[in-house]
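> generate coordinates for the sequence data below:
(4 chains)
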Protein chains: 4
Amino acid sequence: MTVRAAVAGASGYAGGEVLRLLLQHPEVEIGVLTAGSNAGQRLGALQPHLLPLADRVLAATTAETLAGHDVVFLALPHGQSAAVAEQLGESVLVVDMGADFRLADAADWERFYGSPHAGTWPYGLPELPGARAALEGSRRVAVPGCYPTAVSLALAPAYAAGLAEPEAVVVAASGTSGAGKAAKPHLLGSEVMGSMSPYGVGGLHRHTPEMIQNLSAAAGERVTVSFTPTLAPMPRGILATSSAKARPGVDAGRLREVYEKAYADEPFVHLLPEGRWPATGAVYGSNIAQLQVAYDEAAGRILVISAIDNLTKGTAGGAVQSMNLALGLPETSGLPATGIAP
Amino acid sequence: MTVRAAVAGASGYAGGEVLRLLLQHPEVEIGVLTAGSNAGQRLGALQPHLLPLADRVLAATTAETLAGHDVVFLALPHGQSAAVAEQLGESVLVVDMGADFRLADAADWERFYGSPHAGTWPYGLPELPGARAALEGSRRVAVPGCYPTAVSLALAPAYAAGLAEPEAVVVAASGTSGAGKAAKPHLLGSEVMGSMSPYGVGGLHRHTPEMIQNLSAAAGERVTVSFTPTLAPMPRGILATSSAKARPGVDAGRLREVYEKAYADEPFVHLLPEGRWPATGAVYGSNIAQLQVAYDEAAGRILVISAIDNLTKGTAGGAVQSMNLALGLPETSGLPATGIAP
Amino acid sequence: MTVRAAVAGASGYAGGEVLRLLLQHPEVEIGVLTAGSNAGQRLGALQPHLLPLADRVLAATTAETLAGHDVVFLALPHGQSAAVAEQLGESVLVVDMGADFRLADAADWERFYGSPHAGTWPYGLPELPGARAALEGSRRVAVPGCYPTAVSLALAPAYAAGLAEPEAVVVAASGTSGAGKAAKPHLLGSEVMGSMSPYGVGGLHRHTPEMIQNLSAAAGERVTVSFTPTLAPMPRGILATSSAKARPGVDAGRLREVYEKAYADEPFVHLLPEGRWPATGAVYGSNIAQLQVAYDEAAGRILVISAIDNLTKGTAGGAVQSMNLALGLPETSGLPATGIAP
Amino acid sequence: MTVRAAVAGASGYAGGEVLRLLLQHPEVEIGVLTAGSNAGQRLGALQPHLLPLADRVLAATTAETLAGHDVVFLALPHGQSAAVAEQLGESVLVVDMGADFRLADAADWERFYGSPHAGTWPYGLPELPGARAALEGSRRVAVPGCYPTAVSLALAPAYAAGLAEPEAVVVAASGTSGAGKAAKPHLLGSEVMGSMSPYGVGGLHRHTPEMIQNLSAAAGERVTVSFTPTLAPMPRGILATSSAKARPGVDAGRLREVYEKAYADEPFVHLLPEGRWPATGAVYGSNIAQLQVAYDEAAGRILVISAIDNLTKGTAGGAVQSMNLALGLPETSGLPATGIAP
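This next block holds a predicted model:
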């Protein structure tokens, strides 16, 4: 089986990463690549690391250029996916790496994005309860946000097992690629190297409602999330520290048991052996989420540390994993379980 | 007035930083510099950035070499300060940048450090309630840990004003200099660049009891602290995200009011204007702590973000500030209010 | 004596650095600060590290706002300095940190900058033969480019002493602040962290004619310079490797002797002891140029390695040093001989 | 065909990288992994990015443990490969990633390494004239040094075509992984981040005679090389600036023509289109060498910029490429032509 894939938004970081993965996918043939303002340029001038595609010329992002593919990956600014998807036909698999179709609650969408809600598609985090089945055979996939991927994998098992009070506190550090490729002064190398800073403090980050949605679903009750994202001086990676008050009867053994069981069969979620801690450097370029759990007895809290590559498992890897499931391919096809280090 | 200062442990990062500050202090003359295994070497070979002291030769750390100074800064491995201090005489100001005399509770010390408790000295964080008075005229000072500096400045006002429940959650990122200059594989540039990782998760970090001590004192009741430190790919800086559940009646206005009042007259604590966020890059090399507060209404939590330079306000700057107070010098002498950026 | 100083272009990197230095200058009072598109903003929003000036509001860059100062520092895009300088009057010291008045040869200027030549001012690198005298009492100063500072200090003594053939080869690495604060995609943190790349290869960089001018003057004959600049993943610093074929009779001893003599009395040029090598990290934030020389016998070449902070000795420190000379102040006033490390 | 491969020295950076590549090689089965002082440990504790091998336990490096494989990769400290290789039998392919068998001249070896010369094996840089044929079917391969890979690819075509005078000047920047995983103070993250520094200046670096050997062979006459390596604040990558005086009659067109022809059919050497420049970030994790040429007419010099990943094309990728040739596999098997960016 050969799957013909198009990528809309191929000049950005998410688009580039999905191409890096598709290039090593044994059953995918890379079709049309499109861009907005970069249409007409050689890909080699914009993504020089993708040497096998250097001579490809970027088309404009239109329904016409994207027609005739089995799968179309959308890496577009939020608000633009619905219009494109509509014209692609229901038999084409559309994998949206943007935010448009992640939230089930239209009010949440409108509050955080300030525009009408486009709808809700099956959610591309197969490790969540029930998610894998919804992806199999689907022709629409909403790829999760990078932070919600790291945080939902970290806390969903605790909530599903009733270990934690429904008030989560999350602080996460992200590499700069999470902020995209548009040139903004505060993202200059001179500004970010040697510095850490927070943003979207106090519940303002757009990924907050997505975390609340996932954790509430796991818990079977409304979970609040205090989420603080920070910008770290590295190009890739998310390290999330997620915690919640433990419910009575929880101890370190029970906590570990729940996580071992939750992820025993997951190819891309790796609960580290006791005594070892996640590091974003260990998952650089891979589709792996590293996890470790701890129970702080003095503070009465469950802690889960998770590390992912924001562009791989956090975006493009999650997208390809969902494509595999949707098309009935082996779930791990084309997805590196090995990082690049040091 | 000229103060003659010795530095024991001048070849390490804390020792080097206190020398950098003393070099620009108008009333200090730098006396003997000592080291452990580096004794006998030129300082220029070990701290090439301290050009004016390049030809100084390091003496051994003994009571004899340290005699005859008005102030002695100790930058020694923990457990070694008491023996040196004892021999220096009670009229000499001893400023310990190590951990030995920070904790009031001997049991806490023994649990976290595994050795007998040496005692408790006045605590060198003058911005805490009551601390400044205890430092004035003192001849012994325990300089706070770097993380406790960032976190205590962040949360003490909230606890002192009764705004927060006594369960704090803290996640902080530190530059690598906080781990010292001893060569360890996990601190190699190859390992830390491009990566973030946690350590001492679950209440194991030795700075935890110090935070609990400070915040409990401010609150007037026992405060628990869930503290997760992380290592960030930068040489200097701590960014701490500290939060706690808000008590009834708290809102954003009340929160800001409390912090404005708490730090209105502090020369080295800067509550940023609304809408702006701390960054470690903005306090690089300065003695400033940048703070910002937020109230997350949906999660019901108070958040305080603080940024310091771990080696300056977090160690050597705090040491010099305390020296100034102890000796009756202007509190700000020799201490930069300006960072180096970008 | 109190000198009243204005800074035009105070929101950029050069402007910010000159302010950092002036803040610690004992005889300078900081007057008006101006900007282009940032006029009207608080400095604290643009240069948060300059806390003592946080509440200053930026004026527009006009002759009126800049009037009434003893010295005006210009940190403007090239081509704009002449118009401003003309209106400031001949008794005001104007220190131009841009390129406009560095070159003596109008044809060179026009070839590299593509606009009419504005003139030639005394050159602010006092360590070059004859330069100090020209600066004393001057009311106009052209601050050298950052690369020419590093390279001219490295090779001028060899050429002045007739040690080297007139064909220099220079490869230098610069931190990203050398490229300024304007947001460009290739300067994003995501792009520069973890990567090195060259630019302006083959003699195209605008600093090339300035190096040729300085080295030719030292040699008393035309010197060619093959100059390759590279962008390094760090915010500050230039490390230059400069070499030339040795003339007959040169050996390691003679080479060292020439450099020891050349810089014996220079407060800001530090020839390292044998066996030690310059590092940009050792001059971070200082006005020091570290130098080391080597004679490669097998290749028959003289090598000089130099390290400076591009924003300090390479721009704003050189500017303040020249101001000191022009105004008859101690040459070292306000200029750090100490770097910040690690 | 399935090739069974052992790796001696699997806990270091070169060993880890060859494993990363072998994991994606379609015809290789990974056999025994050995180490020195780390023998007995799980690989997961030392190379956490190699998840599929996490539970492998490291054996001691002995002839017995390494027996029974088709190919043995040696990533050992220099001087140790000969003893191991001798015992492995002549039918086993031994690929030495150390220095022991690279140099043809025993005197060169002894001068730079201070020990007896072990011998000379076919040189694993197939892109050099004649090298590919010598590798085909060989049972011994000496993998080139990382710097000589970058520099020989850069200058060999110019020398082979008679374009350049036999005096090369090379300045190269390397990521810190080139210095290995042994913990040394000057390689600490605190020391290397934000700093650049040279080492082995003046012809002292051990890779110098290897460059001279390769370029002299290409030129058909003795070529001198003035080589200055510098340490850059990044984990991986080499950017080399190599130049030489042009011989009469050379111009930009002729230069480009020679390089286009030299590398037209090479899968892993990519001469960039005119106007684009190599960046180490574009070859991160790939086996690609990016090249660009320039002719500086004013200085009369040919310049070649090359960028490689020091651990991939510069070490482990070169090793696998040579293995492929030696065993008659497709030369590109298991070798990424795509980098990871940003």
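> so which residues on chain A come close to chain D?
Within chain A, the positions adjacent to chain D are A:13, A:16, A:20, A:23-24, A:44-45, A:47-52, A:176-177, A:181, A:193-194, A:235-236, A:270, A:272-273, A:276, A:279, A:281-286, A:288, A:290, A:336-342 by Cβ under 8 Å from any Cβ of the partner chain. Bear in mind the C-beta positions are built from the backbone N, C-alpha and C, glycine included.
> neighbours of residue A:181, how many?
The local packing count at residue A:181 equals 19, with neighbours defined by other Cβ atoms under 10 Å in any protein chain shown.
> so it sits right up against residue C:190, yeah?
Yes. Under the criterion of Cβ atoms under 8 Å, residue A:181 is in contact with residue C:190, at a separation of 7.1 Å.
> list the residues that contact both of those two?
Taking Cβ atoms under 8 Å, 6 or more residues apart in numbering or on different chains as the contact criterion, the common neighbours of residue A:181 and residue C:190 are A:13, D:342.
> quick one on the thing from earlier: can you tell me which of the residues of chain A next to chain D end up in strands?
Using DSSP state E to define strands, the subset of the residues of chain A next to chain D located there is A:270, A:290.
> which of the residues of chain A next to chain D count as buried?
Applying 16 or more other Cβ atoms under 10 Å in any protein chain shown to those, the neighbour count classes A:13, A:16, A:20, A:23, A:44, A:47-51, A:176-177, A:181, A:193-194, A:235-236, A:270, A:272, A:276, A:279, A:281-286, A:288, A:290, A:336-342 as buried.
> how about the helices in chain A?
Counting by DSSP state H, the segments of chain A that form helices are A:13-23, A:43-46, A:63-66, A:81-88, A:106-113, A:131-135, A:146-160, A:189-192, A:208-219, A:252-263, A:317-327.
> can you lay out the ones you listed as CSV showing mean pLDDT?
Supplementary listing: the helices of chain A in CSV, determined by pLDDT from 0 to 100:
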stretch, mean pLDDT
helix A:13-23, 98
helix A:43-46, 98
helix A:63-66, 94
helix A:81-88, 93
helix A:106-113, 94
helix A:131-135, 98
helix A:146-160, 98
helix A:189-192, 98
helix A:208-219, 98
helix A:252-263, 98
helix A:317-327, 98
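> wait, which of those is closest to chain B?
For those, distance to chain B was read as Cβ to the nearest Cβ. The smallest value, 4.0 Å, belongs to helix A:189-192.
> for the closest one, packing partners?
helix C:189-192 (3 or more Cβ pairs under 8 Å, 6 or more residues apart in numbering or on different chains; DSSP states H and E).
> ok so, going back, quick one: closest of the helices of chain A to residue C:218.
helix A:189-192 (32.4 Å; Cβ to Cβ).
> got the contact list for that closest one?
With Cβ under 8 Å, 6+ apart as the criterion, helix A:189-192 contacts A:176, A:185-186, A:231, A:233, B:281, B:342, C:13, C:175-177, C:179, C:181, C:187-189, C:191-193, C:233, C:235.
> neighbours of residue A:119, just the number please.
Residue A:119 is flanked by 15 other residues according to other Cβ under 10 Å.
> and it, what does it touch?
Listed by Cβ under 8 Å, 6+ apart, the contact partners of residue A:119 are A:82, A:100, A:101.
> cool, residue A:195 as well?
The contact partners of residue A:195, taken as Cβ under 8 Å, 6+ apart, are A:233, B:234, B:237, B:279, B:280, B:281, B:282, B:284.
> next one: the last one from chain C, what distance?
Distance of residue B:284 to chain C, computed by Cβ to the nearest Cβ, to the nearest Å: 7 Å.
> wait, that residue touches residue A:194, no?
Yes. Because the distance of 6.7 Å satisfies Cβ under 8 Å, residue B:284 is recorded as touching residue A:194.
> residues shared between the contacts of these two?
In contact with both residue B:284 and residue A:194: B:236, B:237, using Cβ under 8 Å, 6+ apart.
> separation between the residue in the stretch 1-150 of chain A that chain D sits nearest to and residue D:283?
Chain D sits closest to residue A:49 of the stretch 1-150 of chain A, with a gap of 3.5 Å, by Cβ to the nearest Cβ. Here residue A:49 is placed at a distance of 7 Å from residue D:283 (Cβ to Cβ, to the nearest Å).
> who touches both of the two?
Residues within reach of residue A:49 and of residue D:283 at once, by Cβ under 8 Å, 6+ apart, are residue D:339.
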